[in-house]
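Trainee: predicted structure and sequence below. I'll ask about it afterward.
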Amino acid sequence: MNLCPCGARGDPAAECSCSPQRLASYRDKLSRALLDRFDLVVVVPRARSREFGAPGEPSAAVRGRVEAAAARNRPALSPGAVQLLDRAVDSLPLSARGRAKVARVAATAAALAGQQTVLPEHVAEALSYRSPSELAGWT
């Protein structure tokens with residue numbers, strides 16, 4: 001979805017014309033319960049013409065890494081990862097479902113990195129994929 005109704009928010013080449021009230025109304029259309037069901041929430045800027053058709057990594061190479069990671073046993077959380085996850089639950093509006101999703105995404109990140117254990121940096125990466133509004137109040 002766009003970051004705002006006019007679609008210009010976050011785009012350096014455009015100016016957002018949405019009022020704070022319009023932004024709040026737009027964001028309120030998605031409930032926290034619905035957002036909590038997404039594993040990843042990533043802000044992607046609008047692509048520029050020079051980025052279209054740019055060579056990327058072949059799908060077969062990505063598929064190979066993903067299949068190899070899926071074949072491994074699910075990595076266990078290290079004590080440091082558990083501590084960071086607990087801090088996130090205490091500091092963020094993170095539900096039990098949200099905590100489980102962060103742990104699962106962190107395990108995926110660890111598996112893709114070839115790690116046998118989920119480290120704090122994997123939890124931090126997983127938290128970076130949560131809704132920006134959830135992370136805004138965390139210091």
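Mentor: Cool, got the structure.
Trainee: show me the strands in this structure, by range?
Mentor: Ranges of strands in the chain, per DSSP state E, are 76-77, 117-118.
Trainee: got TSV for those strands, with distance to S91 and mean neighbour count too?
Mentor: To be clear about C-beta, it is placed using only N, CA and C from the backbone, and glycine gets the same treatment. TSV is the format used below for the strands of the chain (distance: least, Cβ to Cβ, whole Å; neighbours: other Cβ atoms under 10 Å):
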stretch	distance to S91	mean neighbour count
strand 76-77	18	16
strand 117-118	19	22
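Trainee: ok, which of those comes nearest V44?
Mentor: strand 117-118 (25.7 Å; Cβ to Cβ).
Trainee: quick one: contacts of the closest one?
Mentor: Strand 117-118 is contacted by residues 75-78, 81, 103, 106-107, 109-110 when judged by Cβ atoms under 8 Å, 6 or more residues apart in numbering.
Trainee: whichever of those residues end up buried, select them in PyMOL.
Mentor: Command for PyMOL, covering only those of those found buried under the criterion 16 or more other Cβ atoms under 10 Å:
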select buried, resi 75+77+78+81+103+106+107+109+110
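Trainee: among the contacts of strand 117-118, which two are most distant?
Mentor: A76 and A109 (13.8 Å).
Trainee: buried residues, the longest helix anywhere in the chain. List them.
Mentor: Ordering each helix of the chain by length in residues (DSSP state H) puts helix 96-112 first. Using 16+ other Cβ under 10 Å as the test for burial, helix 96-112 gives 98, 101-103, 105-111.
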